[in-house]
Every structure is written in C-alpha cells, then in structure tokens.
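**Q** give me the fold of what follows.
(one chain, ligands or ions: 1)
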Amino acid sequence: MQIRKTALLAMMLIVATTMVFANGGKDAAAGAAADAKPVVLRLAETHPADYPTTLGDIKFAELVKERSGGRITIEVYPGSQLGQEKAVIEQVQFGAIDFTRVSVSPLAAFVPVFNALQLPYLYRSETHMWNVLLGPIGKELFAALEPSGFVGIGWFEPGARNFYNSRRPVAKPEDLAGLKIRVQESDLMVGMVQGLGAIATPMPYGEVYSGLQTGVIDGAENNWPSYESTSHYEVAKYYTVDEHTRVPEIIIASKISMAKLSQADIDLIKQAALDAIPYQRKLWAEREKASEAKVKAGGSIITMIPDKGPWQAAMKALYDKQPSDVKYLVDRIGKVE
Ligand code: BDP
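**A** Numbers count the residues shown, from 1 in each chain. Model (predicted):
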C-alpha cells in the first residue's frame, strides 16, 4: 500500500513537472509570438516629401522594414503634418509620436548640452562635423538624451546655414544691424543673432514665409535647400554665404515607445539609421547644388564672405557665456580630427 502510494506520488510529480515544462514552453512560444507581432511606428518630419532629409527618413524606414522581415513599419509623415518641431519634440517626449527627425537647435531647448553641437564656426569642415557626430562625443550626447525621455537614433547632414533678408545685401556683421531676423526656437540662436547686432525673432519654421512676406521679420537664416524649398528666396532675395553654423539633423525616438521593443529591435533600428546616412548625404550634396542654381536663376543676389574673421570675432561672447559642460565639449570637439 505504502509502495503504491509512493508510486502514485512519483507519477503525480512527473505529470506535474511535465506540465510545468509544457507550460514553460508555451510561455516561451508566446514570448516569441509577441516579439513577432507587427509594430507600426510614426516618424514626424518637417520637410516636404521630396526633400533629401525626408528621403533619408524613408530610406531608414525601408531598411528597418526589410531587416525586420516586414515586422516593423515606420511611417514617415512629412511636411509638418504632425506639427512644428518644438511641439513634435514634446509629443515624442510623452510617447504620442514615436520618432522625429529634427534640427539639434530646438532639441537643445530640451537638452541644453546639445548647444555644444550648434555653436557658430564650431566645425572646421563638414568632415570634422561628421567625425564628431559618429565618434565618442556623438555617442555621449545620445546618452545625454535618455534622462529627458528621448533615445538618440541617428544623424543626417544639415549643410551650412547662411543669412538672408528682404532689405539689403549683407557683407559684414554691421550690415545686419537693426534687421529683424527669424531664428529657430533656441536661446543660443537668439544670442547668436543679438551678438551680430540684429534683432532676433524666434519662430517656428512653418511661419517664416508669411513673416517675410508681411514684413513681421526682415530675414532668416538657413542652408541652400531650405532657402529654396520653402520659397523664402522669392520674398527675401539677399543671401549671404557666411556659413555661420552647421546644426546637425538628428533622429530621436521616444523612450516610452522604445521601451515596448526588444533590445535587438532597437539595435536593428539604430543600425538602419546609421546605414541611411550615406544615401542622405549623397542626395544632400546634389540638392545643395540644385537649390543654389534655382535661387540664382530666380533672382537671388548672393554675397560671398571670403574672410569670415569679423563674423567669427562677433561670436566670441556667445562662446564665453556657455556653461562649463558645453565649454568642455567644445574644447573636445576642437581636438577631433
Ligand atoms: C532646416 C532644418 C529643419 C529646421 C529648419 C528651421 O532641416 O529641421 O526646422 O531648418 O530653420 O534646415 O527651423
């Protein structure tokens, strides 16, 4: 009797163990099934669909789709459909939008150490900037985004920015005196324009055209493709090639959205963004030339600035008033090859 009882107990134990294992197996399968569930994520872009940066976003989304076997879809919403940059960044912060490609300028209002990447005359060249972005400093800055609710995903080429206005040719900083110049929604950009003796007006990108047209502002500043694609050149024909800044373009994600993905998926997404860079840079270089030709043909009056010395000198105070973490990065950026 005792033996039969023991045998029964042993059998029960085997059955129970088998059940536990079977269940464990099921859970693992359920986990895999959850991973395999298709995800649709949204990316907000301010530029129109045919702009090189938007095409870069689309390339990024295609690579993600392909490499996830069709499981991860990133829908790109161009033309500020999801809002202007500052509002979009806020939405990314609380998880209502999954990704955005923005300029570092408005992002620095949320994570001020990013000002280190947008100071005037910071980079010696485009190559210098790329070495900074893709090197240790770029990685550290990505990490600096996390406490504010963002995940750094990738960088795109921004070109050099130049001043333009509707009033007069500008050949030296003093020529800007008294002009109302639109800047991005960034304190640093306000400081830069004030340093040059002009009146800074922060304003969303989408409002600049009407601002110029109605005379609320006299000018703005941007790269050749933006000056052309927005048609600002039609209402502000004096363009000064002073190349005061290169403000990196960045793709960020919402930390809330990324927390729903596996680390393997996040790595896949980051690699796709990295691999989309050469494509965007190639299109960028082509568009820069095409935009320059188009605005010239459209009647823009171009002032070249061969000696940037006086412009650089006017920015010294802006450098001096940066906090120590920004100064530290600026110093290290200077040492990058
Ligand atoms: C363009 C950037 C875009 C900014 C815009 C601006 O690509 O992200 O929104 O400048 O000036 O060059 O606001």
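**Q** mind listing what the closest residue to the ligand within the stretch 201-337 of the chain touches?
**A** Using Cβ to the nearest ligand atom, the single residue of the stretch 201-337 of the chain nearest to the ligand is residue 205, 3.4 Å away. All C-beta spots, glycine's among them, are computed from the backbone N, C-alpha and C. The contact partners of residue 205, by Cβ atoms under 8 Å, 6 or more residues apart in numbering, come to 46, 80, 84-85, 184, 230.
**Q** what score does it have for pLDDT?
**A** Looking at residue 205, its pLDDT reads 98.
**Q** the stretch 201-337 of the chain: strands as residue ranges?
**A** Using DSSP state E, counting those that start in this stretch, the strands of the stretch 201-337 of the chain run over 219-222, 238-245, 249-254, 301-304.
**Q** could you dump the ones you listed to TSV with mean pLDDT, distance to the ligand and mean neighbour count?
**A** Shown next, in TSV, are the strands of the stretch 201-337 of the chain (pLDDT from 0 to 100; distance: least, Cβ to the nearest ligand atom, whole Å; neighbours: other Cβ atoms under 10 Å):
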stretch	mean pLDDT	distance to the ligand	mean neighbour count
strand 219-222	98	5	26
strand 238-245	98	10	24
strand 249-254	99	6	25
strand 301-304	98	18	14
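**Q** and of the contacts of residue 205, the nearest to residue 257?
**A** Nearest to residue 257 out of these is residue 85 (Cβ to Cβ; 18.0 Å).
**Q** show me the contacts for that closest one.
**A** Listed by Cβ under 8 Å, 6+ apart, the contact set of residue 85 reads 46, 100, 102-103, 106, 184-185, 204-205.
**Q** name the nearest of the contacts of residue 205 relative to residue 250.
**A** Distance to residue 250, by Cβ to Cβ, is smallest for residue 85 among the contacts of residue 205, at 10.9 Å.
**Q** ok, the closest one to residue 101 distance?
**A** Here residue 85 is placed at a distance of 9 Å from residue 101 (Cβ to Cβ, to the nearest Å).
**Q** what touches both of the two?
**A** residue 46.
**Q** tally of neighbours for the closest residue in space to residue 198 that isn't next to it in sequence?
**A** The shortest distance from residue 198 to any non-neighbouring residue, by Cβ to Cβ, 6 or more residues apart in numbering, is to residue 176 (4.2 Å). By other Cβ atoms under 10 Å, 24 other residues sit near residue 176.
**Q** please apply the same query to the one 10 residues further on.
**A** The number of residues packed around residue 186, counting by other Cβ under 10 Å, is 24.
**Q** was I right to think it contacts residue 111?
**A** No: counting by Cβ atoms under 8 Å, residue 186 stays clear of residue 111, with 11.6 Å between them.
**Q** that's all I had, so thanks and see you.
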